[in-house]
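> got a predicted structure here, sequence first:
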Amino acid sequence: MMPIWTKSGKKHAVTLLKVQDCHVLRYISKEESGGKTAKLLVGGKNVSPFSKPESAHQIFKEVGVPRKQKVATFNVTDDAIIKPGTPLYAAHFRPGQFVDVTAKTIGKGFQGVMKRWGFKGQPASHGQTKTHRRPGAISTNKASKVYRGKKMPGKMGNVYRTTLGLKVWRINTKHDIIYVNGCVPGHTNCLVKVKDSKLPTCKEHNKNPPFPTFFADGDEKLPEDLFDKEIFQFTDPSVTY
Amino acid sequence: RVGGDGKPEKFQPPPKPVIIDRQKQRTERRFLSPEFIPPRGRTDPLKYYMERKDMIQRRKVFNIPEFYVGSVLAVTTADPYANNKANRFVGICIQRGGRGLGATFVLRNVIEDQGVEICYELYSPRIQAIEVLKLEKRLDDNLMYLRDALPEYSTFDVDMKPVSRLDHEEVPVNKLQVRMKPKPWSKRWERPKFNIKGIKFELPESKMKEAQKWSQPWLEFDMLREYDTSKIEEKIWKEVNEELKK
C-alpha cells in the first residue's frame, strides 16, 4: 500500500495490484453453462506444471499457455467475448473506473467468539469464575434447541470476500500495475480477482472502457503511466491555495 | 636587498601556503535518505522500485535536503486558512519515521511556553520549502525524550538564521547531555531498551541498577533479527544518483 495525493492536497491510501501473465482460457456459451450469460475462464500467474497431474493441464494445453496458478470465471455479455489465448493487460482498466476486488481473506485459524464475531465477553473481575471470553448463553428456554448458523468459535478467515466500489487511480502499462483505492482482502502477494463494479452509483463512471479488452498488438499506443484527473503527479510543482 | 631604483625594499613576507587536503575532498560523503531503504519483509521488490521512481521524480522537482535527527529545520507548507496561504514552522527534528513515499519527520519547538510537535510528510505536495537551519547529529536516533527534558533544550528561535558550513566537512555530532524534568516521565528513559546516550541521568545509583533488570543482552546476538542493509544501500544509492543526475 502506498500514499497518493490529490490536486487539493488530500492523501489517500492505495493498493498496488500487478496483472501477471493473464490469459483467457476458455469460452463457455450461455446454454452450456446453464446461466443467464456466457462465461469466460481467465487464468493468472504462471506456475510450474510438474506439481499437478496431466489431466489438470488439459485446459492450458488446448490454448497453448503454461499452467496458471488461479483460474477465475467472469460472466460476460455476448458482445464482450474474447478468443481463448488472448493475453489480458492492466490497460483493460482505466483511471477513474470503479472496481470490485475478490480474494481469500487472511486465515486466522481457529478463533474464539470475541475475535471471530465481535462478542463483548465478560468482565475481568468482580467474581467472574473462569469466564472472560466465552459466548455466554447460546439460545432461549422456549426454543429448546440451538438455531442453525449460531455464531460460535471456529475457523476464521481463508474465505473469499469482495470489497466493492474501489476507484482506480493510476495504471502503469509498462509493468501492468493497477493502483486501486483503499485496502483489498488477502495477504501481500496473494492472487486477486478484479471485476468492473456492480454498484449502481459506479455505473456512469464505468461508461467508456476499452471494449472488449485492451489488445497489445492493436493500434492504440498508450503512455507508460495513465493518471486520474484528480491525482497530483510528481512532475507538477507543489500544491498552492 | 637593493631594489630596482636603488632604495632598500620593504620586507615582503613569503605567501602563505594553501593546504588543499585532497584526500578529504576525494572521499565524498554518501548520504542515502533512510526512507529509501526497504524494510525486511516478503513484499515484491517491484513495489519498492515503483515507489522509488515516484520519490526520485518528486526530488527532481522539489529539493529535499540532507538532514538528521537533531538538526534544526524550517518547513513552509501551503495552508488554505493562513494569512499568506503559507505556514512556516521552525523546530528540531526528533524522529524520522516511515519508508517510501509515506516517510515522515517530526519537528519540535516550544512557542510561548507551549511545546508544539508537528509531523510532516516528506513527499507531501503541500510542502513548499524545507530549509536546514543547522545540520548536526545527536547521540541518539530518536529524541522523544525532549518532551520530558527542560524546555530550554527544545526552544529554538523562529527567526533563526541558517548556520553556515562547508560542503565537504563531516556532519558534527552534538554530544550534548540533556537535563530532565523531575520524574514521572512519559516513558522510562533510563531503561536499556531505549538505549539513550543523550540524557544526563541524575537518578540515584539504585534506580539505575534496577533499570538494568530489564536489559536483554541476548538481543545483539540474535541472528534472526540481523538486517544487513549495506549492499542494498549501495545498489539503491547508485540507482538514485544516476536518476537524479539525468
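Perfect, thanks for sending it. Bear in mind the structure is a predicted one, so any value in this text is a computation, not a measurement.
> need the three-state assignment for the residue nearest to the spatial centre of chain B.
The C-alpha lying nearest the average C-alpha coordinate of chain B belongs to residue B:68 (C-alpha atoms, centre = their mean; 0.7 Å). Following DSSP: H, G, I helix; E, B strand; the rest coil, residue B:68 is assigned to coil.
> for it, grab phi and psi.
Backbone geometry at residue B:68, expressed as degrees, to the nearest 10, gives phi -130, psi 170.
> what's near enough to touch the residue lying closest to it once chain neighbours are set aside?
Excluding the flanking residues, the one nearest residue B:68 by C-beta to C-beta, 6 or more residues apart in numbering or on different chains is residue B:137, at 4.6 Å. C-beta: built from backbone N, CA, C; applies to glycine. Taking C-beta atoms under 8 Å, 6 or more residues apart in numbering or on different chains, we find residue B:137 in contact with B:68, B:69, B:70, B:71, B:171, B:172, B:173, B:174.
> residue B:216: neighbour count?
Other residues near residue B:216 come to 9 when the count uses other C-beta atoms under 10 Å in any protein chain shown.
> then residue A:99?
Residue A:99, neighbours per other C-beta under 10 Å, totals 22.
> same question for the one 5 residues further on.
The tally of other residues near residue A:104 (other C-beta under 10 Å) stands at 16.
> again, but for the one 4 residues further on
Each residue near residue A:108 was counted by other C-beta under 10 Å, and the total is 12.
> about what we covered before: now do the residue nearest to the centre of chain B against chain A, distance only.
23 Å (C-beta to the nearest C-beta, to the nearest Å).
> kindly export whichever strand in chain A runs longest (C-alpha atoms) in PDB.
Secondary structure assigned by DSSP state E gives strand A:160-172 as the longest strand of chain A. The C-alpha coordinates for strand A:160-172 follow below in PDB (Å, rounded to 0.1, in the frame of the first residue of the first chain):
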ATOM      1  CA  TYR A 160     -13.500 -15.400  -0.400                       C
ATOM      2  CA  ARG A 161     -14.600 -11.900   0.300                       C
ATOM      3  CA  THR A 162     -15.200  -8.900  -2.100                       C
ATOM      4  CA  THR A 163     -14.600  -5.200  -1.500                       C
ATOM      5  CA  LEU A 164     -17.000  -3.200  -3.700                       C
ATOM      6  CA  GLY A 165     -16.600   0.200  -5.400                       C
ATOM      7  CA  LEU A 166     -12.800   0.800  -5.300                       C
ATOM      8  CA  LYS A 167     -11.600   3.600  -7.500                       C
ATOM      9  CA  VAL A 168      -8.800   3.100  -9.900                       C
ATOM     10  CA  TRP A 169      -6.300   6.000  -9.500                       C
ATOM     11  CA  ARG A 170      -3.500   5.100 -11.800                       C
ATOM     12  CA  ILE A 171      -2.400   2.400 -14.400                       C
ATOM     13  CA  ASN A 172       1.200   1.600 -15.200                       C
END
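> partner strands of that strand, parallel or antiparallel?
Within its sheet, strand A:160-172 is paired with strand A:98-104 (antiparallel), strand A:177-181 (antiparallel), strand A:225-227 (antiparallel), according to DSSP bridges.
> is it possible to get a markdown table of the contacts of residue B:137 that adds pLDDT and distance to residue A:160?
As requested, the contacts of residue B:137 are arranged in a markdown table below (pLDDT from 0 to 100; distance: C-beta to C-beta, whole Å):
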| residue | pLDDT | distance to residue A:160 |
| --- | --- | --- |
| B:68 | 95 | 48 |
| B:69 | 94 | 45 |
| B:70 | 94 | 50 |
| B:71 | 95 | 50 |
| B:171 | 89 | 53 |
| B:172 | 91 | 58 |
| B:173 | 94 | 55 |
| B:174 | 93 | 56 |
